[in-house]
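Engineer: Give me a model of this one.
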Amino acid sequence: MRAFIQQFCAALALSGCGAAAALAGDAPTTLPAPPNPAVAADAPVELPGLPPLPPERTVTCDAGVPFCGESCAHAWGGVFTDLEYLYIKPYRRGLDYAIVSPTTNPDPEGSIQSDPWRVRSAFRVGAGWQAPNGGPDIGFYYTYLHDDQTAFAFRPAGGQLFATQTHPGTVELVDAAAARATLSYNVFDLEVGRRLSLGEAVSVRPFGGARFAEINQNFNSAYNGGDANQDTVANRLKFDGGGVRAGAQLDWMLLEHWSLYGRAAGSLLVGDYHATLTEFNNAGATPLTNVDESFRKITPVVELALGVAYQREHVRVSVGYEITDWLNLIDTPSFVDDVHQGKYVRNVSDLGVDGLAARVEFAY
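Structural biologist: Modelled structure (predicted):
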């Protein structure tokens, strides 16, 4: 029995050695090298079985969106300031004060003398906040203009000088006339907008908000000689109002840093008007007219602007032409009948402002 077990174990060992040798003969003598694909040093590592990692997020400014700067990359957004120099001229009707007639005919002939405003320097300032990543912006702007103009006329030799601002049937022919027109123009705009890209070179910024205005106008005339003895006429109009404003600006990038822009806006303001008309002759001793009126009405406003701009990352400089028209803002009484002393008509006209605008904007 013992001899059988020894012979069986020996045979089993020989069989196992032969099988191992056979397997060893079929297997390769060396193991292949594991794959080693080239991996970028800054590439994210992906674990098997998990979705790929999103690409690293970067904030860039669209080429068609001007004046972006690094402020769009701030987590809290950015701030901007606006400084603008205006060289503009206001317009209105009803600033006549005399007619210079070269003859002594009773009918008025000749040229009508007016006291129009001249081109003046004005300014606009603003500041606001820009939301991050091209979000909306909100800003506050203040526009100021003051104008003060005087004019004179005298009776020509062999002619006459008609007074045009006096009450009919009182002071008509004078020897000398003078006029002074003043304007105080204060406009406040609260504006919210957002710039949208329309392509690689074109962007549009629609905006809206509120507008408030305080506009005061005085037109005073003085006459002496003839029917007048230091006669003075004062015509004053005060407007205070507020309402809504909306518009859009289109920017077209021509070169790397140069662009053209066009802007249009409209407003509707509900305003309180206060108008006064007074006339005193004999150095203030004789009242001829003394009336006043207060009323409220809606006043539309239309704005247009065109220009060219140069911009860098934090600075934008633009020069253009702008025009603003306050429709029917002038609304004053005027007496026109010397038979019916209380008969009057309304002088209604626009107040227009136009001229050059040089603007510098800073973004942080």
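Engineer: can you map out the strands along the stretch 251-364 of the chain?
Structural biologist: 258-281, 286-311, 315-335, 344-363 (DSSP state E, counting those that start in this stretch).
Engineer: ranges for the strands of the stretch 51-200 of the chain?
Structural biologist: Using DSSP E, counting those that start in this stretch, strands in the stretch 51-200 of the chain cover 78-91, 96-101, 111-114, 120-130, 137-154, 160-163, 176-193, 196-197.
Engineer: Each with direction, which strands does the helix or strand following the shortest one pair with?
Structural biologist: Right, strand 196-197. Downstream of strand 196-197, the next assigned helix or strand under DSSP states H and E is strand 202-225. For strand 202-225, the paired strands and their directions (DSSP bridges) read strand 176-193 (antiparallel), strand 196-197 (antiparallel), strand 228-253 (antiparallel).
Engineer: got CSV for the ones you listed, with mean neighbour count too?
Structural biologist: (Each C-beta comes from the backbone N, C-alpha and C, glycine too.) Formatted as CSV, the strands paired with strand 202-225 follow (neighbours: other Cβ atoms under 10 Å):
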stretch, mean neighbour count
strand 176-193, 19
strand 196-197, 16
strand 228-253, 19
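Engineer: Near the closest residue to residue 89 other than its chain neighbours, how many residues? Count them for me, please.
Structural biologist: In space, and not counting its chain neighbours, residue 89 is closest to residue 119: 4.4 Å by Cβ to Cβ, 6 or more residues apart in numbering. As a burial measure, residue 119 scores 13 neighbours (other Cβ atoms under 10 Å).
Engineer: repeat for residue 270
Structural biologist: 12.
Engineer: so can I have CSV of the strands paired with strand 202-225 showing distance to residue 348 and mean pLDDT?
Structural biologist: Listed next are the strands paired with strand 202-225 as CSV, based on distance: least, Cβ to Cβ, whole Å; pLDDT from 0 to 100:
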stretch, distance to residue 348, mean pLDDT
strand 176-193, 17, 98
strand 196-197, 40, 94
strand 228-253, 11, 97
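Engineer: So which of these is nearest residue 333?
Structural biologist: strand 228-253 (8.9 Å; Cβ to Cβ).
Engineer: before we move on, back to that, quick one, which of the strands of the stretch 51-200 of the chain is packed in tightest?
Structural biologist: strand 160-163 (a mean of 23; mean count of other Cβ atoms under 10 Å).
Engineer: give the contact list for the nearest residue to residue 354 once chain neighbours are set aside.
Structural biologist: Leaving aside its sequence neighbours, residue 354 sits nearest to residue 323 (Cβ to Cβ, 6+ apart; 4.0 Å). Residues near residue 323 by Cβ atoms under 8 Å, 6 or more residues apart in numbering: 303, 304, 305, 352, 353, 354.
Engineer: Then residue 207?
Structural biologist: Residues near residue 207 by Cβ under 8 Å, 6+ apart: 191, 192, 193, 194, 246, 247, 248, 249, 265.
Engineer: Of the strands paired with strand 202-225, which is nearest residue 291?
Structural biologist: Once these are compared by Cβ to Cβ, strand 228-253 is nearest, at 10.7 Å.
Engineer: report the angle between the axes of that closest one and strand 96-101?
Structural biologist: Computed by axes from the mean of the first three to the mean of the last three Cα atoms, to 10 degrees, the angle separating strand 228-253 from strand 96-101 equals 110 degrees.
Engineer: Just want the angle from strand 228-253 to strand 286-311.
Structural biologist: Calculated by the same axes, to 10 degrees, strand 228-253 forms an angle of 20 degrees with strand 286-311.
Engineer: ok now strand 228-253, how far from the chain's centre?
Structural biologist: 16 Å (Cα atoms, centre = their mean, to the nearest Å).
Engineer: thinking again about what came up before, ok, so of the contacts of residue 207, who is nearest residue 185?
Structural biologist: Of all the contacts of residue 207, residue 185 sits closest to residue 265, with 16.8 Å by Cβ to Cβ.
Engineer: Count the residues that sit near the closest one.
Structural biologist: 21.
Engineer: correct me, but it touches residue 247?
Structural biologist: Yes - counting by Cβ atoms under 8 Å, residue 247 is a contact partner of residue 265 at 2.8 Å.
Engineer: coming back round to it: so which of the strands of the stretch 51-200 of the chain comes closest to residue 225?
Structural biologist: The minimum distance between residue 225 and the strands of the stretch 51-200 of the chain falls on strand 176-193, with 5.7 Å, by Cβ to Cβ.
Engineer: Off-centre distance for the closest one?
Structural biologist: 17 Å.
Engineer: Please apply the same query to stretch 210-221.
Structural biologist: Per Cα atoms, centre = their mean, the centroid offset for stretch 210-221 relative to its chain is 20 Å.
Engineer: Which of the helices and strands in the protein ranks last by mean pLDDT?
Structural biologist: Lowest on mean pLDDT, DSSP states H and E among the helices and strands of the chain sits helix 2-26, with a mean of 43.
Engineer: So which of the contacts of residue 207 is the closest to residue 95?
Structural biologist: Of the contacts of residue 207, the one sitting nearest to residue 95 (Cβ to Cβ) turns out to be residue 265, at 27.3 Å.
Engineer: neighbours around the spatially closest residue to residue 173 that is not a sequence neighbour, how many?
Structural biologist: Distances taken as Cβ to Cβ, 6+ apart place residue 226 nearest to residue 173, at 4.4 Å, with adjacent residues excluded. A count of nearby residues for residue 226, using other Cβ under 10 Å, gives 18.
Engineer: Tell me both backbone torsions, phi and psi, for residue 226.
Structural biologist: phi 70, psi -120 (degrees, to the nearest 10).
Engineer: you'd agree it is up against residue 170?
Structural biologist: No - Residue 226 lies out of contact with residue 170 (Cβ under 8 Å); the separation is 11.6 Å.
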